[in-house]
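*Asks:* one predicted model, sequence on top.
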Amino acid sequence: MQTTVGEWSILLKGNLEGDASGIITHPAKIEEAGEGAISFIASNKYKHFAYTTRASALIVGNDFEAEKEIHAALIRVEQPYLSFTQVLGKFNRLFDDLIGTEEPTFIHDSASIGSDAYIGAFSYIGKNAELGDNVKIFPHVFIGENSIVDDGSILFSGVKVYPGSIIGKSCVIHSGAVIGSDGFGFVPQPDRSYLKVPQLGNVVIEEDVEIGANTTIDRATMGSTRVHKGTKLDNLVHVAHNVEIGAQTVIAAQTGISGSTRIGNHCMIGGQVGFVGHIEIADESRINAQSGVSKSIREPGKAWNGAPAFEYTASLRSQSVFRNLPDLEKRMRQLERLK
């Protein structure tokens, strides 16, 4: 892929300072960039590289002030990191040429495959499964009967999609993820053994969702476990049966969400957060890593921390008091001796 600096400035709706005719062939880290590279500066921490980089173009903020001469042409934008992400997206065409079916594979006669799809070797496409246009199914993927994978979605090697699951448009599911496994439902019996509760529902993943490697999303007992549009799940996240995750929410690795919990829209959840079941988390909640959420969060837009989790600034004050407990105890004993 070869473009010019001027074309990138137009695409990014930026203001160009420098030679518009420079050739751009690839993106690169600013400290490693050479001729033909486009890079960016989103933090003053990396500003010093602007004077030494050999990149042909740099994406910088509108408030960037050069203190020395810079070799690269500058493209000034409102949000450099966002703009460079768009650049990476334009260069990310690794799978465009993957079309057709490799052998051996199993595709049931009743399955429907859209145009320009790719089916990798050793994949299994079950009875009445539906794959949309431009779907990419990498080797060793299992798609159970009556499942749907909509247009433009990518399933990397080793993904397992249980029967009846629905995956929307433009989703990305990374290796080892399991969609639609049984929810964890067992009823204790008088003899202290456990009777399995049949899991008759499914999983619905809406469009533009990304699911990390080895993440598991359990099918509902009845109804659907649902992940709404634009949500991103990291590696090793567990979503239990009948959970609902709102739109444009991000969840970091090793988080576990117990059954029937509902998480709102635009939430940000750190790594190793645990949620008990049957609670609701308000829109735009921000939950710090390793927090334990044991009750519903009703007020939107607040930050939370700790186990059990409580309001973020209050938790920091409590931590400060806790660190000072030895000194406080010493002072109390001194006061008691003065009595």
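*Replies:* Received, thanks.
*Asks:* so how many other residues sit close to V159?
*Replies:* Applying other Cβ atoms under 10 Å, we find 25 residues neighbouring V159. Using the backbone N, CA and C atoms, a C-beta is placed for each residue, glycine as well.
*Asks:* for it, give me its contacts.
*Replies:* Contacts of V159 were listed using Cβ atoms under 8 Å, 6 or more residues apart in numbering, and they are F138, V141, F142, I173, H174, S175, G176, A177, V178, I179.
*Asks:* tell me how many other residues crowd the fourth one.
*Replies:* Using other Cβ under 10 Å, I173 has 28 other residues around it.
*Asks:* dihedrals phi and psi, it?
*Replies:* phi -120, psi 120 (degrees, to the nearest 10).
*Asks:* ok, and the most crowded of the contacts of V159?
*Replies:* Neighbour counts for the contacts of V159, by other Cβ under 10 Å, peak at I179, which reaches 30 neighbours.
*Asks:* thought G36 was touching T4?
*Replies:* No: under the criterion of Cβ atoms under 8 Å, G36 makes no contact with T4, lying 10.9 Å away.
*Asks:* pLDDT score for L94?
*Replies:* With respect to pLDDT, L94 has a value of 68.
*Asks:* one step back: which of the contacts of V159 fall within strands?
*Replies:* Using DSSP state E, F142, I173, V178, I179 are the members of the contacts of V159 that sit in strands.
*Asks:* and the two most separated of these?
*Replies:* Maximum pairwise distance in these, criterion Cβ to Cβ, is 12.0 Å, between F142 and I173.
*Asks:* and I263, how far from L316?
*Replies:* Per Cβ to Cβ, to the nearest Å, I263 is found 24 Å from L316.
*Asks:* so what touches stretch 82-91?
*Replies:* 1, 8, 11-12, 14, 26-27, 38-40, 42, 59, 75, 77.
*Asks:* quick one, which of those are buried?
*Replies:* W8, L12, G14, P27, I38, S39, F40, I59, I75, V77 (16 or more other Cβ atoms under 10 Å).
*Asks:* my guess is the second one meets R76, correct?
*Replies:* No: with contact defined as Cβ under 8 Å, L12 and R76 do not form a contacting pair (9.5 Å).
*Asks:* which single one of the ones in strands among the contacts of V159 is nearest to T255?
*Replies:* The closest of the ones in strands among the contacts of V159, once distances to T255 are taken by Cβ to Cβ, is V178, at 15.9 Å.
*Asks:* that closest one contacts A213, doesn't it?
*Replies:* No: counting by Cβ under 8 Å, V178 stays clear of A213, with 10.9 Å between them.
*Asks:* nearest to P198 among the buried ones among the contacts of stretch 82-91?
*Replies:* Once Cβ to Cβ is applied, the member of the buried ones among the contacts of stretch 82-91 that ends up nearest P198 is P27, at 50.1 Å.
*Asks:* what residues go with each domain of the protein?
*Replies:* Per automatic domain parsing, the domain ranges recorded for the chain read 3-91, 100-315.
*Asks:* and stretch 117-135, how far apart are its ends?
*Replies:* One end of stretch 117-135 to the other measures 5 Å (Cα to Cα, to the nearest Å).
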